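Trainee: Sequence first, predicted coordinates after that:
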Amino acid sequence: MRSSFSYNPKSHQPDRPKSKFRRNMLLLRHGKSHLNSFYNFLRGLPKTLYIYKKSLKGLYAVPYDMPAGFCLSTGNEPEILEKIKPDILELRPDSLLLRIPVWTLDDLGSSLRFAADMANSGIEIIINIIQGQDSAFNLDKWQADLDKIFFSFSPLCNFFIIGHAFNRIKWGIPSADHYMKLFERAVMLKNEKYSHISLVGPSVIDFEYIHTLGMLNQRQRPAFDMVNQLLYVDRRGAPENTQNGFDLAHKCLLFRSIIDATLGAEIPFWITEANYPLLVEEEEYCPTSRKEAVDEEHYASYMVRYYIIAICSGCARRVYWWQAAAHGYGLIDNLGEVWRRRKAYYAFMFMRSVLKDSVFTYKIMNKDYCLFRFRLKDDSVVSVAWALGNDCGIEIGLPVSQACDIAGNPSCMKDMVLSHSPLYIFH
């Protein structure tokens with residue numbers, strides 16, 4: 001029995017399998033793999049928890065040079081790539097993730113031209129290779145697909161993310177063993193023909209650390225050059241909200257601890273997918289249910305808070321926001337002929353322009369608000385602060401020269417009141 005999916009181009013994901021019986025049969029058929037993965041999770045848990053607890057005191061405790069971590073993502077639809085170029089060049093992300101589904105390999109021309117244009121403009125491109133519905137069952141075809149992608153893009157790109165969300169049956173991979181075989185074919189090609197590239201995995205989606213640790217603690221695990229996680233928190237609301245006792249910062253610390261316990265501290269950790277669904281009338285464009293959807297104001301707010309919390313933790317070197325243009329969850333609303341830049345577009349651009357190459361120095365978090373402080377390239381200081389619940393006042397403790405809202409517009413400094421939307425306070 002094979003896993004299969006019907007891909008929805010409006011939400012950029014497969015539809016959930018309608019047959020629960022078929023889904024359960026797939027789980028049962030590959031039960032040995034799931035049990036082995038759970039065993040490896042249990043085997044690696046003590047060391048992981050030891051490192052996690054030891055690292056807790058160091059979270060946000062020391063100054064930290066901000067990495068080039070403000071990154072974005074895009075799909076590879078030709079009509080999108082051609083139109084989005086000016087926006088990407090204005091946003092200037094530190095890196096841009098380009099999805100390449102294997103079922104689009106017959107027409108790579110637009111993707112290659114786009115990648116070349118970005119590289120020539122100084123924007124790094126990384127490739128996320130999305131498996132097809134039969135990739136896990138036809139490894140020779142999968143290897144041929146990988147070979148074509150590596151051959152085409154390796155002159156332009158160094159990093160390749162192998163596969164996507166193996167812990168979701170709807171993406172066509174029924175077990176961890178199947179994903180390992182997919183990754184091993186990528187390693188084989190790298191060793192034979194493409195030694196300069198780096199392979200990223202295992203692309204576990206959501207806060208499902210059992211799958212991540214179970215994969216990385218395999219005795220014969222694949223050779224991961226970088227470890228990534230598709231770390232969504234939208235079902236919990238704000239990034240500071242907890243899930244099983246973990247807010248976003250502590251989720252990042254847990255994944256960093258998993259990597260340290262299994263692969264070593266030298267292996268980087270990237271968050272290669274995150275977003276919030278938007279409240280739009282056309283529900284088919286929303287990647288989740290309306291229950292998790294937020295308005296455009298909160299979308300921009302949560303996005304900036306997510307980036308700052310994750311990157312300043314020192315655990316995640318990069319965050320890739322999915323994606324730049326999408327009606328149901330993008331920085332740009334691309335429904336129709338005339339595209340509309342949402343508030344998040346300007347929020348991303350201002351955030352990166354202010355915080356790039358800064359040094360994170362200080363964090364305050366209490367029941368009312370959260371504040372992060374940075375030293376900028378010119379040795380001036382900026383605080384970024386927001387309320388965690390109701391609007392509240394704040395005592396800064398430093399002279400204030402200027403305040404700006406999330407999009408960089410000047411803000412009144414007479415009454416320093418915080419809302420859910422981050423405020424930039426320059427000293």
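Mentor: Great, that's in hand. It should be emphasised that the depicted structure is a prediction, and the values quoted were computed from it without experimental measurement. Numbering: from 1, shown residues only.
Trainee: Number of residues surrounding Ala144?
Mentor: 15 (other C-beta atoms under 10 Å). Yep, even glycine has a C-beta here, placed from its N, CA and C like the rest.
Trainee: Over to it: give its phi and psi.
Mentor: Main-chain dihedrals, Ala144, degrees, to the nearest 10: phi -60, psi -40.
Trainee: What's the separation between it and Phe150?
Mentor: 11 Å (C-beta to C-beta, to the nearest Å).
Trainee: what does Cys404 give?
Mentor: Going from Cys404 to Phe150 by C-beta to C-beta gives 44 Å.
Trainee: got it, and Leu97?
Mentor: Distance, Leu97 to Phe150, using C-beta to C-beta: 16 Å.
Trainee: What segments of the stretch 101-250 of the chain are helices?
Mentor: Here the stretch 101-250 of the chain has its helices, by DSSP state H, counting those that start in this stretch, at 109-120, 139-153, 176-192, 209-216, 248-262.
Trainee: Among those, single out whichever gets nearest to Pro222.
Mentor: helix 176-192 (4.0 Å; C-beta to C-beta).
Trainee: Show me the contact partners of the closest one.
Mentor: With C-beta atoms under 8 Å, 6 or more residues apart in numbering as the contact definition, helix 176-192 has outside contacts at 30, 33-34, 36-37, 131, 135-136, 139, 142-143, 146-147, 150, 160, 162-163, 166, 173, 197, 199, 201-202, 211, 214-215, 218, 221-224.
Trainee: Restricting to C-alpha, output the lowest-mean-pLDDT helix or strand in the chain in CSV.
Mentor: Lowest on mean pLDDT, DSSP states H and E among the helices and strands of the chain sits helix 20-29, with a mean of 72. Extracted C-alpha coordinates of helix 20-29, given in CSV (Å, rounded to 0.1, in the frame of the first residue of the first chain):
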residue,chain,number,x,y,z
LYS,A,20,-8.7,7.2,7.9
PHE,A,21,-8.7,3.5,7.3
ARG,A,22,-6.0,3.9,4.6
ARG,A,23,-4.0,6.2,6.9
ASN,A,24,-4.2,3.8,9.8
MET,A,25,-3.2,0.8,7.6
LEU,A,26,-0.1,2.7,6.5
LEU,A,27,0.8,3.3,10.1
LEU,A,28,0.3,-0.3,11.0
ARG,A,29,2.2,-1.6,8.0
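Trainee: Mind checking what helix or strand follows that helix in sequence?
Mentor: The element immediately downstream of helix 20-29 (helix or strand, assigned by DSSP states H and E) is helix 31-55.
Trainee: Just give the nearest non-adjacent residue to Phe114, would you?
Mentor: Of all residues not flanking Phe114 in the chain, Leu81 sits nearest, at 4.2 Å (C-beta to C-beta, 6 or more residues apart in numbering).
Trainee: Which secondary structure element is home to the one you found?
Mentor: Leu81 belongs to helix 78-91 when assigned by DSSP H and E.
Trainee: Next, the buried residues of that helix.
Mentor: Residues of helix 78-91 classed as buried: Ile80, Leu81, Ile84, Asp87, Ile88, Leu91 (neighbour count, 16 or more other C-beta atoms under 10 Å).
Trainee: Show me which of those residues is closest to Cys392.
Mentor: Leu91 (31.3 Å).
Trainee: Would you quantify the distance from the closest one to Thr74?
Mentor: Going from Leu91 to Thr74 by C-beta to C-beta gives 11 Å.
Trainee: what sits in contact with each of those two?
Mentor: Applying C-beta under 8 Å, 6+ apart, one finds that Leu91 and Thr74 are jointly contacted by Ala324.
Trainee: Touching stretch 11-28 from outside, list them.
Mentor: By C-beta under 8 Å, 6+ apart, stretch 11-28 touches 1, 3-8, 34, 75, 99, 169-172, 174, 284-287, 323, 326, 328.
Trainee: how does it look with 10 Å?
Mentor: 1-8, 33-34, 75, 77, 99, 101, 130, 133, 164-165, 168-172, 174-175, 277, 283-288, 322-323, 326-330 (C-beta atoms under 10 Å, 6 or more residues apart in numbering).
Trainee: what about Ile425, how many residues close to it?
Mentor: Residues lying near Ile425 (other C-beta under 10 Å) number 24.
Trainee: Settle this for me: it is touching Glu395, isn't it.
Mentor: No - counting by C-beta atoms under 10 Å, Ile425 stays clear of Glu395, with 11.5 Å between them.
Trainee: which stretches of the stretch 301-427 of the chain form helices?
Mentor: Here the stretch 301-427 of the chain has its helices, by DSSP H, counting those that start in this stretch, at 343-355.
Trainee: any idea which residue sits dead centre in this protein?
Mentor: Taking C-alpha atoms, centre = their mean, the centroid of the chain lies closest to Glu273, which sits 2.4 Å from it.
Trainee: ok, that one to Tyr320 distance?
Mentor: Relative to Tyr320, and taking C-beta to C-beta, Glu273 is found at 6 Å.
Trainee: before we move on, back to that, overlap of the contact sets of Ile425 and Glu395?
Mentor: Met416.
Trainee: before we move on, back to that, just give me the closest of the buried residues of helix 78-91 to Glu337.
Mentor: Of all these, Ile80 has the smallest distance to Glu337: 13.1 Å, by C-beta to C-beta.
Trainee: rewinding a little: okay if I get the helices of the stretch 101-250 of the chain as JSON lines plus mean pLDDT and distance to Trp339?
Mentor: Formatted as JSON lines, the helices of the stretch 101-250 of the chain follow (pLDDT from 0 to 100; distance: least, C-beta to C-beta, whole Å):
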{"stretch": "helix 109-120", "mean pLDDT": "97", "distance to Trp339": "16"}
{"stretch": "helix 139-153", "mean pLDDT": "98", "distance to Trp339": "26"}
{"stretch": "helix 176-192", "mean pLDDT": "97", "distance to Trp339": "35"}
{"stretch": "helix 209-216", "mean pLDDT": "97", "distance to Trp339": "36"}
{"stretch": "helix 248-262", "mean pLDDT": "98", "distance to Trp339": "30"}
